Structures are given as C-alpha cells and as structure tokens.
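Trainee: Task: produce atomic coordinates for the following.
(chains A, B, C and D)
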Protein chains: 2
Amino acid sequence: MARWEPNAQERLLHAAVDLFVEQGYDATTVNEIADRAGLTKTTFFRHFRDKREVLFAGQDLHTGLLNDAVAAVPASATPLEAVGAALDALTAFWADDRREFSAKLRPVIAGHTELQERAALKRAKLTDALTGALHQRGVPEPTAGLAAELGIRAFYQAFDQWVAPANGQSLTALTRDTFSTLRAALTTLT
Amino acid sequence: MARWEPNAQERLLHAAVDLFVEQGYDATTVNEIADRAGLTKTTFFRHFRDKREVLFAGQDLHTGLLNDAVAAVPASATPLEAVGAALDALTAFWADDRREFSAKLRPVIAGHTELQERAALKRAKLTDALTGALHQRGVPEPTAGLAAELGIRAFYQAFDQWVAPANGQSLTALTRDTFSTLRAALTTLT
DNA sequence: GGAGTGATGTGACTTGGTAACATCACCATA
DNA sequence: TATGGTGATGTTACCAAGTCACATCACTCC
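Mentor: Numbers count the residues shown, from 1 in each chain, chains lettered A, B, ... in the order given. All right, here's what the predicted structure looks like:
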C-alpha cells in the first residue's frame, strides 16, 4: 500500500492534529504535517482536499449513516421518530475513546473562521441529507426540513456538552435528552 | 478620498461580479478584478478580507438590523412576533432593484464549495445574532434558538423564491408568507 | 522474473494573501 | 501660499496553499 509504512491517511491526520495543538493552525504548514508523517505535500493533498479538510474528513460516512438509519425505520413511524432513530445511528459512531480527540479539536476550530465555515457547511449538508432521507419516506416539505433541522440541532448541542470535560454520559444518551428537550420546547413557540 | 475615482469598494465589487459572471469564479484572479477597477491587488485586500468576501460583504449591517428591530419590539410581544418584526426589518433592505444582482450571484455561489461554506457560516451568524437579540429580551434557551432558526429558515427559503425569475412579490411579503407557513407546519411535527 | 497497478516522490508553477515602505491627493492652518 | 498631517493607494518582495506532469517505488499476478 504505502511506500513505507501503512495508514498514510491516519498518520497525516495525527501529525496534523498534533501540530495544530502544539503550535497553532496557521503556524503549521502542510509541508510540516507531511514531513512529520514521513510523506510529502503532494501526498497530503491526495488524501485531503485541502488543509482544512484534515479536520473534517469522513463526512460522507455520516450522511450515509443517516440515510441508512432512516430507511430502516418502519413506515409507521412519525417523522420525528425517524429522526430519533437516525440520531441514534449517527451518535453510535462516536465512542467514548474519540471524546478526547474531539475535545482537542474544538479550540482549534473555534479560533479560525475558515474552519468554522467548513464546519457550518458540513452541518448544513448533514441537515440536507437527513431532509432528503425523510423525503424518501414520503414526508413532505416543510415538515421534513423542520424535523431534520430540529434533529441536527439536538445533535450539535449534545456534541458540545459531550466534549466538555468530565461528562459521564454517552453522546447517544445526551443527544436523546437534548432532542426530547427541544421537542418539548416546540410548544413554547408562540 | 480615492487616488483617482471615488467609490473604490463599489467599483471592485462590480468588477468582480462582472468577471465572475463572464468567465467564472476561479478563472478570475484578484489581479484581474483590481485591474478592471483601476486599482491594485493590495487595495482589493484592503477592502475585502479575501476573494470570497467580495460576494458577502455587508453582513455586520444585517446582524445590526436584526438586533435593532428586536430591541424595538414591545416587551409584550411573543418570541415569534419579535422574530417576525426582525424579518421585516431585514428584508426591507433588499429592494427590488437588488433582485437581478442577487440572481446573478446565485449560480456563482452554487458552483463553488468555498463560497457555499462562507454562505453557510453567514447564515449561522445571522441565526446567532437573532438568538442573542432574543436573549436580550429575556427569552430563554432553547426557545430563543428555535425561534431564531425558524425565522432565518423562513428568510432563506423566501430569498430563494425571490431571486427566481418572474416573481412579483417583495421579499418582505414572501418572507412573511413563508414564516407563517413554517409556524403552521410546527404542529405537523410528531 | 517481467508486466501491470496503485501509491508516492519531484520539481515547477499559479495564485491567494501579507507586510514594509513609498507615494499621492486633499485638507487645515499659519 | 506654503507647510505639514492624514488616508487611501501603489510597489515590491515574499510565503504558503494548491495543482500538474512526470518519474519512481513496492507489491502482486501471472
């Protein structure tokens, strides 16, 4: 596979995150990342579309999870029940061993507009994917869009809590709680 | 003011949009834009943070509109009524003479991920601003966030219709319609 | 053991973006 | 009218992101 060691993409990922944490995002060049991973700049760009993407890779996978989960829900389920099932499938992906990693990334992203931009688009794409999956079930607009946005909002709010230090609950549990809180809060909208 | 002609920023803006439409976004260099405006690359970057920003300038102004409008609403108004007032203030900014301009920009943005990213963050910032304005009124979470997101969603959906060709209604009217449709659809969420 | 294949390396290039310093127009004031 | 200050602009040089064409290596399969 690799010219030398295997797992080039993973090596690049860890080299990048380490350097970002050590010396900051824009003080780190792609050449440095590649060097630390024992590779070259060109190879970096073969694995990641750009310097930002190294922090957001694996998105297609998440949209796939949402799609599959929604498709697997019985037809009798309501839209929000389908969204709940999708969130369960999505959050199952972040086991607790990824929490520390996510926590390290948070301040890096928070400090750079270009990274927040990418994060914002990723969130929008997740919402779109979930909306599309609901359409497949026959849920019409604007219900599908609202249900999807509510679910994704629950996910992100829960994720914020999950990466905070000293949080015992799993991401799945936190997301379920947040989702039901948001559903309940819908009645307060007047 | 300007070394030669006045309105440097506006000249840069129009030069950029013209060139983007003529030959595409990434086939257009910042040097070209500056040349057409009778300026230099350095001056371009004095007026716009980067090449993308030329298509999104004036955002602070929009968040300001939201803040002012929400602050001006009587304390007796409900959260969604306050959001409605904010949308009226926001949409008043796009008179019909800006419609053609916005319509030209749409395909450019749609065709470039980096521009969609910026647009996505701008939308998130608008939502944040509206949420914060509601907090100022004493609206608690998660109600404020949900109300703001509902309003911004209405705005963007209406904007999409507004820029479509042959649409007689004003952006304000379209947004009001969309907003009330979304409010009504909340009851379909189960 | 040779051919094919996929991942990597090399080197050159374009362009976005920054920084230091010089220059020009304009305005106030003496 | 001269003088000096102020903002906006120009010049030049530079760095780093990202692309491309082409070479090279490891591995596998006949």
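
Trainee: Give me the number of neighbouring residues for A:Phe93.
Mentor: Counted with other CB atoms under 10 Å in any protein chain shown, the neighbours of A:Phe93 add up to 13. Any C-beta I mention is one placed from the backbone N, CA and C, and that applies to glycine too.

Trainee: Report how many residues lie close to the nearest residue to it once chain neighbours are set aside.
Mentor: Among residues not flanking A:Phe93 along the chain, A:Leu65 sits closest, at 6.5 Å (CB to CB, 6 or more residues apart in numbering or on different chains). Per other CB under 10 Å, the neighbour tally for A:Leu65 reads 20.

Trainee: so where's chain A shaky on pLDDT?
Mentor: A:1-5 (pLDDT under 70).

Trainee: Which positions in it make contact with DNA strand D?
Mentor: Contact residues (CB under 7 Å from any atom of the strand) of chain A with DNA strand D: A:1, A:3, A:28-31, A:41-42, A:45, A:49-52.

Trainee: Show the buried residues in these.
Mentor: When burial is judged by neighbour count using 16 or more other CB atoms under 10 Å in any protein chain shown, the buried members of these are A:28, A:30, A:51-52.

Trainee: need the residues of chain A near chain B, please.
Mentor: Contact residues, chain A versus chain B (CB under 8 Å from any CB of the partner chain): A:78-80, A:113, A:116-118, A:120-121, A:123-124, A:142-143, A:145-147, A:149-150, A:153, A:157, A:181-183, A:185-186, A:188-190.

Trainee: what about burial for these, which qualify?
Mentor: For those, buried by 16+ other CB under 10 Å: A:79-80, A:116-118, A:120-121, A:123-124, A:142-143, A:145-147, A:149-150, A:153, A:157, A:182-183, A:185-186.

Trainee: Which stretches in chain A count as helices?
Mentor: A:8-23, A:30-36, A:41-47, A:59-72, A:79-91, A:99-110, A:113-136, A:143-163, A:171-185 (DSSP state H).

Trainee: Quick one: list the elements packing against the fifth one.
Mentor: This means helix A:79-91. Helix A:79-91 sits against helix A:59-72, helix A:113-136, helix A:143-163, helix A:171-185, with contacts defined as 3 or more CB pairs under 8 Å, 6 or more residues apart in numbering or on different chains; DSSP states H and E.

Trainee: any idea which of those is most buried?
Mentor: helix A:143-163 (a mean of 22; mean count of other CB atoms under 10 Å in any protein chain shown).

Trainee: Now do that one against helix A:79-91, angle only.
Mentor: 40 degrees (axes from the mean of the first three to the mean of the last three CA atoms, to 10 degrees).

Trainee: Give me the domain ranges for chain A.
Mentor: A:8-54, A:58-188 (automatic domain parsing).

Trainee: Put together TSV for those, with distance to B:Glu10 on each row.
Mentor: Listed next are the domains of chain A as TSV, based on distance: least, CB to CB, whole Å:
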stretch	distance to B:Glu10
domain A:8-54	31
domain A:58-188	24
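
Trainee: Could you work out which of the ones you listed reaches nearest to B:Leu13?
Mentor: Smallest distance to B:Leu13 across those (CB to CB): 20.6 Å, for domain A:58-188.

Trainee: what's the first-to-last distance across that closest one?
Mentor: The straight-line separation of the ends of domain A:58-188 (CA to CA, to the nearest Å) is 36 Å.

Trainee: Adding distance to DNA strand C, write the helices of chain A out as CSV.
Mentor: Formatted as CSV, the helices of chain A follow (distance: least, CB to the nearest atom of the strand, whole Å):
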stretch, distance to DNA strand C
helix A:8-23, 3
helix A:30-36, 7
helix A:41-47, 3
helix A:59-72, 17
helix A:79-91, 28
helix A:99-110, 18
helix A:113-136, 8
helix A:143-163, 26
helix A:171-185, 31
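
Trainee: any chance of those in CSV, with distance to B:Arg106 too?
Mentor: Output for these, formatted as CSV (distance: least, CB to CB, whole Å):
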stretch, distance to B:Arg106
helix A:8-23, 34
helix A:30-36, 33
helix A:41-47, 30
helix A:59-72, 24
helix A:79-91, 29
helix A:99-110, 28
helix A:113-136, 16
helix A:143-163, 19
helix A:171-185, 31
